[in-house]
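Q: Could you look at this predicted model? Sequence included:
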Amino acid sequence: VKAIAPAIMHISTASEMLLGAPIGSDQCVDEVLEAKLQELRRLADRVSLLNAHDALFLLKNCFSIPKLSYTLRTSPCYTHQLQAKYDAIFQSTLESIMNVTLSGDAWEQSTLPVANGGIGVRRATDVALPAYYLSSVTGSHALVIQLLPQALHEVAGINEPIFAAALNEWQSRTGVTSVQQPLPTAQKVWDAPLVKAQEAKVSAAASDQAGKARLTAASAPHSGAFLHARPCASLGTRLDNSSLRIAVALRLGAPVCLPHTCICGAPVDNTGRHGLSCRKSAGRLSRHSAVNELIKRALMSAEIPSRLEPTCTSLVQHNDRRPDGMSLTPWTQGRCLAWDFTCPDTFAPSHLNIAVNGPGVVANEAEEKKRAKYACLTSTFRFVPIAVETLGSLGDEADNFIHDLGRRITTVTGERRATEFLL
């Protein structure tokens, strides 16, 4: 053959690559993972020069697992030790970007999906098993059987001994004793029980009511919306470095500050939670004003003029009950909108007993109190209490109002992401 075609290259099966995927020996897989590792190191040095929110968004959605997903889907990586090194560099990079210590339970929680209370930065060691040996092998099994001769069917695809070992490992991690038949082909189906087991582990580590309330609120719908937001200064969706650090640390229960004594005389631990409910906190009034201003601008985008702190004659007859704002044109059923915003603290001692009962419970209670306070307005106004907990959980009325307002903005502007921007 060499005499006839001297230019033909002989490639060792140990180093074979197919469409960028290592299909040879374990050493070949290690070489690809090592190259990915070096690439992550270079990216880690560069993203630290960006705004923290920009860097987190890019790292989470572009540079970490997304860069590795093709390799994880096409190669048997879940037993390789280089994945742990990849995760360690990823963890160190996140700590550097957000200026937050991610260790122990905080790191474990951060690697959960946002909907489960994490920040959506998945570990390679968690994703590799459902990515290749479970979803990819089961998804391609029928095609593999068609391509291979009959003699190899008993050791190919899901009949391969190494697949059985991977399935046993998955059952060991999840505690699932029986697997549905036919075997699912979607990675999400295999990944969900692993996420559930990890979430249970994080929940079990919460030793006090504050920790349980934090995890409950973190898994509430929309409480992690800031982690999905595309950071854009012109849209007001980019957080400054300090705001991102505090938001992430509160969500994960990571240290925010050194223990000290507040100006009100109360002790403050390293989580800094006391400042969220302290009556002498400098941020309470500005937070309240900022949200009301945001609602007013959103109403204007929907072509609904409004006024903050209204003093119109129609309110005089209502025992001087003055809401935070009202629309100047009808909102629904010929009645103008009146709203009042409140931000109850999830960690306040008076709320902890109910905060552990479910996400948004504290916000719903605050909305009920607002509704009772402004009951005299309901005959002439469409009154909407808007309660958002300090950890981001929305009350039912607030959730409905934001989605309704988002739909109205979409109708006027054509921007389909209006609700997402509001959240």
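A: Thanks, I have it. Numbering: from 1, shown residues only.
Q: Can you list the buried residues in the lengthiest helix in the chain?
A: Secondary structure assigned by DSSP state H gives helix 26-47 as the longest helix of the chain. Residues of helix 26-47 classed as buried by neighbour count (16 or more other CB atoms under 10 Å): 28-33, 36-37, 40, 43-44, 47. Yep, even glycine has a C-beta here, placed from its N, CA and C like the rest.
Q: Name the nearest of those residues relative to G157.
A: For the buried residues of helix 26-47, the residue nearest G157 by CB to CB is V29; the value is 19.3 Å.
Q: Leaving out the residues flanking it, which one is nearest to that closest one?
A: Leaving aside its sequence neighbours, V29 sits nearest to P22 (CB to CB, 6 or more residues apart in numbering; 4.7 Å).
Q: Point out where the stretch 251-400 of the chain drops to low pLDDT.
A: Residue ranges of the stretch 251-400 of the chain with pLDDT under 70: 283, 312-320.
Q: All the helices of it, in order from the start?
A: 283-301, 352-355, 361-373, 396-413 (DSSP state H, counting those that start in this stretch).
Q: most tightly surrounded among the ones you listed?
A: Stretch with highest mean neighbour count among these: helix 361-373 (a mean of 20; mean count of other CB atoms under 10 Å).
Q: mind listing what the nearest residue to V356 once chain neighbours are set aside touches?
A: Leaving aside its sequence neighbours, V356 sits nearest to K212 (CB to CB, 6+ apart; 4.7 Å). Counting by CB atoms under 8 Å, 6 or more residues apart in numbering, K212 touches 203, 206, 356.
Q: And the residue lying closest to the second one once chain neighbours are set aside, how close does it get to L244?
A: Yep, that's A206 we're talking about. Leaving aside its sequence neighbours, A206 sits nearest to K212 (CB to CB, 6+ apart; 4.8 Å). Here K212 is placed at a distance of 25 Å from L244 (CB to CB, to the nearest Å).
Q: May I see the buried residues of stretch 174-189?
A: 174, 183-185, 187.
Q: Which members of these occur in helices, if any?
A: Going by DSSP H, the helices hold 174, 187 from the buried residues of stretch 174-189.
Q: How about the contacts made by A387?
A: 341-344, 362-364, 366-367, 370, 394-395, 397-398.
Q: Oops, could you answer that again for N116 instead?
A: 195, 199, 219.
Q: and which of those residues is nearest to A106?
A: E199 (14.4 Å).
Q: count of residues packed around L147?
A: 9 (other CB atoms under 10 Å).
Q: Look at the residue nearest to V29 and say how many residues are nearby.
A: Counted with other CB under 10 Å, P22 comes out at 22.
Q: just checking, it touches C28?
A: Yes - if you go by CB atoms under 8 Å, P22 and C28 touch, sitting 4.2 Å apart.
Q: Can you tell me how far the spatially most central residue of the chain is from S203?
A: Residue closest to the average C-alpha location in the chain (CA atoms, centre = their mean): V114, at 2.3 Å. Distance, V114 to S203, using CB to CB: 16 Å.
Q: try A217
A: For A217, the distance to S203 - CB to CB - is 13 Å.
Q: swap in A338?
A: Distance from A338 to S203, by CB to CB: 40 Å.
Q: Check G358 too.
A: 14 Å.
Q: again with I97
A: Counting by CB to CB, the gap from I97 to S203 is 27 Å.
Q: now do N99
A: For N99, the distance to S203 - CB to CB - is 27 Å.
Q: Ok, A290 next?
A: A290 is 33 Å from S203, by CB to CB.
Q: Repeat that for G117.
A: Applying CB to CB to G117 and S203 gives a distance of 9 Å.
Q: Near V195, how many other residues are there?
A: 20.
Q: so it sits right up against Q109, yeah?
A: No - using CB under 8 Å, V195 makes no contact with Q109, being 11.7 Å away.
Q: ranges for the helices of the stretch 1-150 of the chain?
A: 26-47, 52-58, 65-74, 82-98, 105-110, 124-129, 137-147.
Q: what sits up against the third one?
A: The contact list for helix 65-74 (CB under 8 Å, 6+ apart) reads 19-23, 32-33, 36, 39-40, 77, 86, 121-122, 124, 127-128, 131-132, 135-136, 187.
Q: ok, now the last one?
A: Contact with helix 137-147 is made by 153, 156-158, 160, 163, 166, 183-185, as judged by CB under 8 Å, 6+ apart.
Q: Could you dump those into a markdown table with distance to L308 added?
A: Shown next, in a markdown table, are the contacts of helix 137-147 (distance: CB to CB, whole Å):
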| residue | distance to L308 |
| --- | --- |
| H153 | 72 |
| A156 | 69 |
| G157 | 64 |
| I158 | 63 |
| E160 | 66 |
| F163 | 63 |
| A166 | 59 |
| L183 | 58 |
| P184 | 52 |
| T185 | 54 |
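Q: need those residues in a markdown table with distance to H351 and pLDDT, can you?
A: Supplementary listing: the contacts of helix 137-147 in a markdown table, determined by distance: CB to CB, whole Å; pLDDT from 0 to 100:
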| residue | distance to H351 | pLDDT |
| --- | --- | --- |
| H153 | 61 | 88 |
| A156 | 57 | 86 |
| G157 | 53 | 85 |
| I158 | 50 | 88 |
| E160 | 53 | 86 |
| F163 | 49 | 86 |
| A166 | 45 | 87 |
| L183 | 45 | 87 |
| P184 | 41 | 86 |
| T185 | 44 | 87 |
